[in-house]
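In: quick check, what structure comes out for this input:
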Amino acid sequence: MKKYLEMFSVFFKIGAFTIGGGYAMVPLIEAEVVDKKKWIEKDEFIDTLALAQASPGPIAVNTAVFVGFKMDRYKGAFFTTLGSILPSFLIILAIAMFFRQLKDMEAVENAFKAIRPAVVALIAVSVISLSKNSRLKGIGYLIPIVVALAVKYLKITPILFIILAAIGGNIYVNVIKKGGA
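Out: Just a heads-up that it's a prediction; the model follows:
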């Protein structure tokens, strides 16, 4: 039970103290799961993030599911996921209970304005960390840039790029790499 409590508490802490959710949580999850607890290796974490992004749902919850499942199958996934989502649930519940009293308070509005730059910084740290660990070389750096620009300015759905990347990865591994080996 101690192992499950530790898994729950690590993801509860991440969920409770990360403003901005999703990508803002990635550096904290990496620091806890890879660097501090050594539950998974850095390469495996990158693969887990790729899978979490390609799966439906929030990236932080998906990452919690995959890390927990790797550690102890379904019980591990249950405790990491519960730890990840419970803080948000409790915070939203508290906000909902007091929303009418809080919504017009200038202090609350100013607090959210002050939090925005920190969220942007956390997401930037995540992008930089992932790019350093992605093993991209040469022209490989252009792919994420082209995809980001196509999604932003050409309004192409990211789902298309996920499908194309999955097909391209399979072709590369099963045809090109095996053919050259």
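In: by contact count, what packs against the longest helix anywhere in the chain?
Out: Of all the segments of type helix in the chain, defined by DSSP state H, the longest one is helix 59-102. Under the contact criterion of 3 or more CB pairs under 8 Å, 6 or more residues apart in numbering; DSSP states H and E, helix 59-102 touches helix 2-17, helix 26-30, helix 42-54. Quick note: C-beta positions are derived from backbone N, CA and C, even for glycine.
In: tell me the contacts of Lys70?
Out: Lys70 makes contacts with 39-40, 44, 48, 76, as judged by CB atoms under 8 Å, 6 or more residues apart in numbering.
In: could you look over the helices and strands packed on helix 59-102 and pick the most buried one?
Out: Mean neighbours per residue, mean count of other CB atoms under 10 Å, is largest over those for helix 26-30, with a mean of 23.
In: starting at the chain centroid, how far to the longest helix of the chain?
Out: Offset of helix 59-102 from its chain centre (CA atoms, centre = their mean, to the nearest Å): 13 Å.
In: now swap in stretch 134-145 and tell me
Out: Remark: stretch 134-145 is offset 20 Å from the chain centroid, using CA atoms, centre = their mean.
In: what of stretch 53-70?
Out: Chain-centre distance of stretch 53-70: 8 Å, with CA atoms, centre = their mean.
In: buried sites along that stretch?
Out: Residues of stretch 53-70 classed as buried by neighbour count (16 or more other CB atoms under 10 Å): 58-70.
In: export that stretch as PDB, just CAs?
Out: Provided in PDB are the C-alpha atoms of stretch 53-70 (Å, rounded to 0.1, in the frame of the first residue of the first chain):
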ATOM      1  CA  GLN A  53      -0.400  13.500 -26.800                       C
ATOM      2  CA  ALA A  54      -1.800  11.100 -29.400                       C
ATOM      3  CA  SER A  55      -4.400   9.700 -27.000                       C
ATOM      4  CA  PRO A  56      -7.700  11.400 -26.300                       C
ATOM      5  CA  GLY A  57      -7.800  13.400 -23.100                       C
ATOM      6  CA  PRO A  58      -5.600  15.700 -21.100                       C
ATOM      7  CA  ILE A  59      -1.800  15.100 -21.500                       C
ATOM      8  CA  ALA A  60      -1.200  15.200 -17.700                       C
ATOM      9  CA  VAL A  61      -3.800  12.600 -17.000                       C
ATOM     10  CA  ASN A  62      -2.800  10.400 -19.900                       C
ATOM     11  CA  THR A  63       0.900  10.600 -18.700                       C
ATOM     12  CA  ALA A  64      -0.300   9.600 -15.200                       C
ATOM     13  CA  VAL A  65      -2.100   6.600 -16.600                       C
ATOM     14  CA  PHE A  66       0.900   5.400 -18.700                       C
ATOM     15  CA  VAL A  67       3.400   5.900 -15.800                       C
ATOM     16  CA  GLY A  68       1.100   4.200 -13.300                       C
ATOM     17  CA  PHE A  69       0.400   1.300 -15.700                       C
ATOM     18  CA  LYS A  70       4.100   0.800 -16.300                       C
END
